[in-house]
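K.L.:
sequence? don't have it. structure:
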């Protein structure tokens, strides 16, 4: 029978879930357009098991694998599991023949679904499969307690790990730090980079599922006794245990990491606030048959979308009623504003900078920013909270004001004035400032409470409370000495930039319409061993004013790096920097992540452009397009037929330059990550490249 490989058009399906704008925390905005909250795709055959990447799903039943329109895409032996490479370039199936050992088969994702590699081990049966989040590894577990790490196509074994379990299920963390392997009541966590076991967890009940959450800082473990245990991945100690969740057959985290989806039973999914487990809601499925749940982690969608199977359908469901992760939103804005404050200002002398910026002033600034950001986010919180007059402490002379949605506050009130605070008093709350609790709830930290009964104003001031910046100070703050050093290095980088640009202008390689930017940044992080480290980022980018883009930058259809004066000037700045002031960050055995972005405009490519193979040939190379993982192929035979390929060619040209011109980088472990962008508009200003180098554990 002829096979068909037709996925439901992702743009069409995604359109069913498109909300108008971000609901955020400010309710004063246009109402959202009506959307379809549940999209059921009926299936003639029960989706026994499935996998997804974004909106695309593959499922299996017996010997056959199907797409989400129920069309058969390949046939094998009895299929026990299916995994989709996150870049959507390959698919791996776990199959059991009538006679013989269980094996794996990989397929190329295209309309033919051609088999790529059969992974059949001589004396071993394969028990589980997992793709790494960066799409570059396929982990294969065996019944004799080994884990084989293949390349993404499953052709070559790169590493063999000696395990203590014959894994029945494996899951990679989103940052590729960890590989979790499950057998029965044992969970083994591997540090993938070091190829060592980070920790082994024993449970009292069978482990049904494991997933990573909250930017990989948490690990969720669902066990058959109806419990969800939350671990801190820095220490792998238990943060909390949530019970009374049915059979806990499977678990997933939502996009922000604040909520978890737990498969309560084949007919019910429980949605739990991990920070406040008393907040729960349920998604009921009268059709039954749900065996797994998956989230759609789409960075370009504001919605939380859950996928699950039923006896006769695949279901995509928007999950409503989830409050934003306010602490995470605050952290992002706080870091951005604090970074700007920590930089040496134009015209500010070094002495003035050192006097302004110190550990104490930074803590004070962080606390003030927290209050400002929380207060901005808390619009309407007080209006939606009922309050009442509570107890009065005659010794401390403190009167309690109790709120229905927030912690109490306390006002210092003389005994003879307490009677003027009877229930129903018309109190006015002025200049209210808020903070956030660790459970992501707002609290009042400052308020001026005016009582019209006596014309008095009473002050509640708890601004010096232990704020979030204090609570995680060691993990989230970079030492001031490091900040000062990086500021000086950025000034040195600016000087190098000006020298290179001046020379390029003299040589007429670029004009004064090319603007090159250089930035440095030190970021706190935690490595796979749980150690607090500081990563150092150095970023190079440029813009060219539109009318000069074709002169200074890439011409239409061109991709060779040396054909862009702006790109070459930027890369020369990078080379000189790492040969001089920044050479100290290049150390043997250290790791550097090099993220390269190539862009293209929307000019149509009516006939394939010739590709000379100067930068190598690529087959299903993982890339990020508009922040979502996909893949790109590039070869001499087919040339460049899409703008995605053109943007990719510009990016790999930078890789070629770095490998050729920055010889000192050879001593480092280099992880390249490609990003491509294709503008919806035409014009030379949309042809750009940029480079972002992150030195891991730099200090």
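P.N.:
Nice, I can see it. What you see is a predicted model; the values in this text were computed from it and never measured.

K.L.:
Please make it C-alpha for all contacts and neighbour counts, starting now.
P.N.:
Fine.

K.L.:
Is residue 388 in contact with residue 405, as I believe?
P.N.:
No - shown here, residue 388 and residue 405 do not form a contact pair, counting by Cα atoms under 8 Å, at 11.8 Å.

K.L.:
Let me know the helix or strand that the residue lying closest to residue 457 once chain neighbours are set aside is in.
P.N.:
With Cα to Cα, 6 or more residues apart in numbering as the criterion, residue 457 has its nearest non-adjacent residue at 4.3 Å, and that residue is residue 450. With secondary structure defined by DSSP states H and E, residue 450 is part of strand 442-451.

K.L.:
What helices and strands are in contact with the helix or strand just after that strand?
P.N.:
Counting by DSSP H and E, the element after strand 442-451 in chain order, helix or strand, is strand 456-461. In terms of contacts (3 or more Cα pairs under 8 Å, 6 or more residues apart in numbering; DSSP states H and E), strand 456-461 is packed against strand 409-412, strand 442-451.

K.L.:
ok, now how distant is residue 212 from residue 330?
P.N.:
For residue 212, the distance to residue 330 equals 22 Å [Cα to Cα, to the nearest Å].

K.L.:
the more surrounded of those two?
P.N.:
residue 212 (25 against 20; other Cα atoms under 10 Å).

K.L.:
for the residue nearest to residue 457, which residues make a bridge with it?
P.N.:
Beta-bridge partners for residue 450, by DSSP bridges, are residue 428, residue 457.

K.L.:
Neighbours of it, how many?
P.N.:
With other Cα under 10 Å as criterion, residue 450 counts 17.

K.L.:
pretty sure it contacts residue 431?
P.N.:
No - counting by Cα under 8 Å, residue 431 is not a contact partner of residue 450; they are 10.7 Å apart.

K.L.:
before we move on, which element is residue 264 in?
P.N.:
Going by DSSP H and E, residue 264 is in strand 259-265.

K.L.:
let me redo that: residue 289
P.N.:
Residue 289 belongs to no helix or strand when assigned by DSSP H and E.

K.L.:
Now do it against residue 318, distance only.
P.N.:
In this view, residue 289 and residue 318 are 20 Å apart by Cα to Cα.

K.L.:
just residue 68 next, same as before
P.N.:
For residue 68, the distance to residue 318 equals 18 Å [Cα to Cα].

K.L.:
Likewise for residue 479?
P.N.:
Applying Cα to Cα, the value for residue 479 to residue 318 is 42 Å.

K.L.:
In terms of neighbours, single out the busier of the two.
P.N.:
residue 318 (20 against 14).

K.L.:
Got phi/psi on the spatially closest residue to the more buried one that is not a sequence neighbour?
P.N.:
Distance criterion Cα to Cα, 6+ apart; nearest residue to residue 318, sequence neighbours excluded, is residue 305 at 4.5 Å. Dihedral angles of residue 305 (phi, psi; degrees, to the nearest 10) stand at phi -120, psi 130.

K.L.:
what about residue 305, neighbour count?
P.N.:
25.

K.L.:
do the same with the one 3 residues further on
P.N.:
Using other Cα under 10 Å, residue 308 is surrounded by 23 other residues.

K.L.:
Now it: which helix or strand?
P.N.:
Going by DSSP H and E, residue 308 is part of strand 305-309.

K.L.:
now do residue 485
P.N.:
For residue 485, the host element (DSSP H and E) is helix 480-506.

K.L.:
partners of the helix or strand following that helix, with directions?
P.N.:
For helix 480-506, the following helix or strand on the C-terminal side (DSSP H and E) is strand 514-526. Taking DSSP bridges as the criterion, strand 514-526 forms sheet pairs with strand 532-544 (antiparallel).

K.L.:
Centre of the chain to the partner strand, how far?
P.N.:
Distance, stretch centre to chain centre, for strand 532-544: 18 Å (Cα atoms, centre = their mean, to the nearest Å).

K.L.:
what's it in contact with?
P.N.:
With Cα atoms under 8 Å, 6 or more residues apart in numbering as the test, strand 532-544 has contacts from 475, 478, 513-527, 552-553, 566-567, 570, 574, 685, 688-699.
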